[in-house]
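Asker: Show me how the following folds:
(chains A and B)
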Amino acid sequence: MTLERQERRLGWGLVAPALVWTGAFFALPFLAMVALSFAHMEGRTVVRGFDAGNYVRAFTDWTMVKALVNSLEITLIVTAVSVLLAYPLAAIIAFRVPARWQRLALLMAVLPFWTSYVVRSYAWLLVLGQKGVVNTTLLALGLIAEPLQMASTRFATVTGFVHFFVMLLTLTIYANLIQLSPNYLRAAADLGAGRWQVFRHVVLPLTLPGVVTGAFLTFVLCIGDYITPQILGGNTELTLPQLIMLQMGRSGNFPLASALSVVLMGIVTLAYLASARWVRLDRV
Amino acid sequence: MRALSWLYMAVAYLFIFLPVAVLVAFSFQAGRLPVPPFQGFSLRWYEKVLGDRDLMAALGHSFLVAVVSSALALCLGFLAAHALARVRLPGSVLMRGLLIAPMTVSYLIIALGLLTVFGSLGIRLSLWTVGAGHVVINLPLCFAICYAAMGDQQRSAERAARDLGAAEWQVLAYVSAPMLAAPLAAAFFLSVTFSWDEFIIAFLLTRFDVTLPVEIWSMLRSGLSPATNAVGSLVFLVSVTLVVALEMLVFRRAK
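Answerer: I've put the predicted structure just below:
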């Protein structure tokens, strides 16, 4: 008995530092932020209290509602497009590429993942800009007469995001696809299923948890991102993180920024609940 | 069908590599703008970048923050994983949940929370505050990787060591850690790359000593320049070297 107690004390001792760190630098700040979201501003000073005004503003002020809608739209488009583009790529790597080349193919498919995050968005600016590579090429080929306006549009933001998440999703979906036993596919084929039927009734259902987990991750990272819409979208339309940064920076309105962050958190939680049936964070 | 697959793969790779290729190509631009036409090959932007004192300072800061915060995150994560995987503690599900929780929260929100607390406690923003934030984002990762890697095989070895009279720190240092060398290295390298590349926490939680992504961000404000391409290409080179090293050292050996 004493041995068990001793062991337990040791266990507490080992887990304590991590818990204290997470508590002090994550849980506590998070709660402080939630508390701050109920404060309000008088001039440039924060007045603490219990005031839901910031939340009312978040859902009634046109700028805020628009930012919320923009964020949701962009995130949903990005998530859908990324999954649709990444699945075939992962499938080709898993089923068409010879086994000995698969690791290399995968490593190559995600190599630009390791470019600096800020630089990646900047690089898309060089591709999509007024004088960028795409416009120059199209002009030289005589396909267009005037340069296309692509930078500082939603198209650019979505492209930058899709680029990043296609790589991420190719990885996660591939990991799920190669876990499929080839016997399942053979059995389905023996039973007379066509290619499409095998995919629809065997491969897709078995890989769905992985796909949904990846899609959830995409959703979370995309909706909380500031850099990509800021660099590529310009200021034509604001997303929620851009609005939060504006509130902190220019107006110094931390209570409102906090409330908007709590709203952002809420959306992520809703997304989690919606996909919780399939999401397995331990399987990422 | 087969031809279509290869075509799709080719187009996908083109899409994936297009921005990086453009980035690297125009870092050698002789002209003043990193867009077509290409006016000739030049290394002047690399020269400029490598001679830029602010940029090199930022590089040093990034490296320091990445290594120190990752090492701390790995230690905390490893110890916690060891405890939760080996010892039956009440509320262990809850503790696992808390340790993983920061993974599901946007970095922006983590940064805002920390900014609020540091502000009200009067803690000055510095590389230390950035590092604290980076430990928060990397601890879940390190914990999860270590926790997943702890199997029964290690358990027996640890028990044997304990029976032979090893103290707990000796068990951890001479038995558990070496047996988990591959996942520990993977967790460390991943943390380093995440911290190295992290922008929003570093941007909000420091004032004067900035990290590399923040310095690059401020370079962007003055418009397009091949100098930014040069920095970006260098960072890419470093990251790819790290990834390839990881691939060779850790995963090869794991096989």
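
Asker: just the helices in the stretch 151-255 of chain B please.
Answerer: In order along the chain, the stretch 151-255 of chain B carries the following helices (DSSP state H, counting those that start in this stretch): B:152-163, B:168-170, B:177-179, B:181-197, B:200-204, B:212-220, B:226-246, B:252-254.

Asker: pLDDT weak spots in the chain?
Answerer: Here I'm looking at chain A. A:1-3, A:279-284 (pLDDT under 70).

Asker: right idea, wrong chain: chain B
Answerer: B:250-255.

Asker: before we move on, the earlier item: next, format the helices of the stretch 151-255 of chain B as JSON lines and append mean neighbour count.
Answerer: (C-beta placed from N, C-alpha, C; glycine too.) Listed next are the helices of the stretch 151-255 of chain B as JSON lines, based on neighbours: other C-beta atoms under 10 Å in any protein chain shown:
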{"stretch": "helix B:152-163", "mean neighbour count": "13"}
{"stretch": "helix B:168-170", "mean neighbour count": "13"}
{"stretch": "helix B:177-179", "mean neighbour count": "14"}
{"stretch": "helix B:181-197", "mean neighbour count": "21"}
{"stretch": "helix B:200-204", "mean neighbour count": "25"}
{"stretch": "helix B:212-220", "mean neighbour count": "21"}
{"stretch": "helix B:226-246", "mean neighbour count": "20"}
{"stretch": "helix B:252-254", "mean neighbour count": "10"}
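
Asker: would you turn these into a markdown table with distance to A:Val268?
Answerer: Shown next, in a markdown table, are the helices of the stretch 151-255 of chain B (distance: least, C-beta to C-beta, whole Å):
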| stretch | distance to A:Val268 |
| --- | --- |
| helix B:152-163 | 35 |
| helix B:168-170 | 39 |
| helix B:177-179 | 35 |
| helix B:181-197 | 19 |
| helix B:200-204 | 16 |
| helix B:212-220 | 23 |
| helix B:226-246 | 27 |
| helix B:252-254 | 33 |
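
Asker: Quick one: closest of the ones you listed to B:Tyr107.
Answerer: helix B:200-204 (4.9 Å; C-beta to C-beta).

Asker: what residues are up against B:Val231?
Answerer: A:Val119, B:Val49, B:Leu55, B:Leu212, B:Ile216, B:Met219 (C-beta atoms under 8 Å, 6 or more residues apart in numbering or on different chains).

Asker: want to try TSV for these, with distance to A:Ile223 as columns?
Answerer: Putting the contacts of B:Val231 into TSV (distance: C-beta to C-beta, whole Å) gives the following:
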residue	distance to A:Ile223
A:Val119	22
B:Val49	34
B:Leu55	32
B:Leu212	26
B:Ile216	24
B:Met219	27
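
Asker: can you tell me which of these lies nearest to B:Ala73?
Answerer: Of these, the one sitting nearest to B:Ala73 (C-beta to C-beta) turns out to be B:Leu212, at 19.1 Å.

Asker: For the closest one, give its distance to chain A.
Answerer: 7 Å (C-beta to the nearest C-beta, to the nearest Å).

Asker: in which helix or strand would I find the nearest residue to that residue once chain neighbours are set aside?
Answerer: Nearest non-adjacent residue to B:Leu212, counting by C-beta to C-beta, 6 or more residues apart in numbering or on different chains: B:Ser62, 4.0 Å away. Using DSSP states H and E, the element containing B:Ser62 is helix B:53-86.

Asker: could you give the angle of that helix to helix B:226-246?
Answerer: Counting by axes from the mean of the first three to the mean of the last three C-alpha atoms, to 10 degrees, helix B:53-86 lies at 30 degrees to helix B:226-246.
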